[in-house]
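S.K.: Sequence and predicted structure, then a few things I'm wondering about:
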Amino acid sequence: MTGALCRYAANGGKGPFQPMGANFGILPPLPEKIRCKQERYAALAARALADLASAFAEEGVAFSDR
């Protein structure tokens, strides 16, 4: 999701930008089943932020999720 947005911001696109909601269905599943959609999406977002922080740390870049 972030990559597509970065590509559009850097290169533009054909026609006007039409944003869409995040599609959580394309992400790898969580190790545990969470039935509550709000809790499941919060867990997916937390995992994504942790992965992003880890990738930034590997590159020696400061990262803050705020």
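M.R.: Yep, that arrived.
S.K.: Leaving out chain neighbours, which residue sits closest to Phe63?
M.R.: Phe56 (3.9 Å; C-beta to C-beta, 6 or more residues apart in numbering). (Glycine included, C-beta is placed from N, CA and C.)
S.K.: I figured that neighbour hits Ala50, correct?
M.R.: No: look at Phe56 against Ala50 with C-beta atoms under 8 Å: they stay out of range, at 10.9 Å.
S.K.: relative to its centroid, which residue of the chain is most remote?
M.R.: The outermost residue of the chain, judged against the average C-alpha position, is Gly15 (24.3 Å), by C-alpha atoms, centre = their mean.
S.K.: Give me the secondary structure label for that residue.
M.R.: What DSSP: H, G, I helix; E, B strand; the rest coil gives for Gly15 is coil.
S.K.: May I have the host helix or strand of Leu49 exported as CSV, CA atoms only?
M.R.: Assigned by DSSP states H and E, Leu49 belongs to helix 37-59. Only the C-alpha atoms of helix 37-59 are listed here, as CSV (Å, rounded to 0.1, in the frame of the first residue of the first chain):
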residue,chain,number,x,y,z
LYS,A,37,-12.6,-6.7,12.8
GLN,A,38,-11.5,-3.6,14.7
GLU,A,39,-9.1,-5.5,16.9
ARG,A,40,-7.8,-7.5,13.8
TYR,A,41,-7.1,-4.4,11.8
ALA,A,42,-5.4,-2.8,14.9
ALA,A,43,-3.2,-5.9,15.2
LEU,A,44,-2.3,-5.7,11.5
ALA,A,45,-1.5,-2.0,11.7
ALA,A,46,0.7,-2.6,14.8
ARG,A,47,2.6,-5.4,13.0
ALA,A,48,3.1,-3.2,10.0
LEU,A,49,4.5,-0.4,12.2
ALA,A,50,6.8,-2.8,13.9
ASP,A,51,8.1,-4.1,10.5
LEU,A,52,8.6,-0.6,9.3
ALA,A,53,10.5,0.4,12.4
SER,A,54,12.7,-2.6,12.0
ALA,A,55,13.4,-1.9,8.4
PHE,A,56,14.3,1.7,9.2
ALA,A,57,16.5,0.6,12.1
GLU,A,58,18.4,-1.7,9.7
GLU,A,59,19.1,1.3,7.5
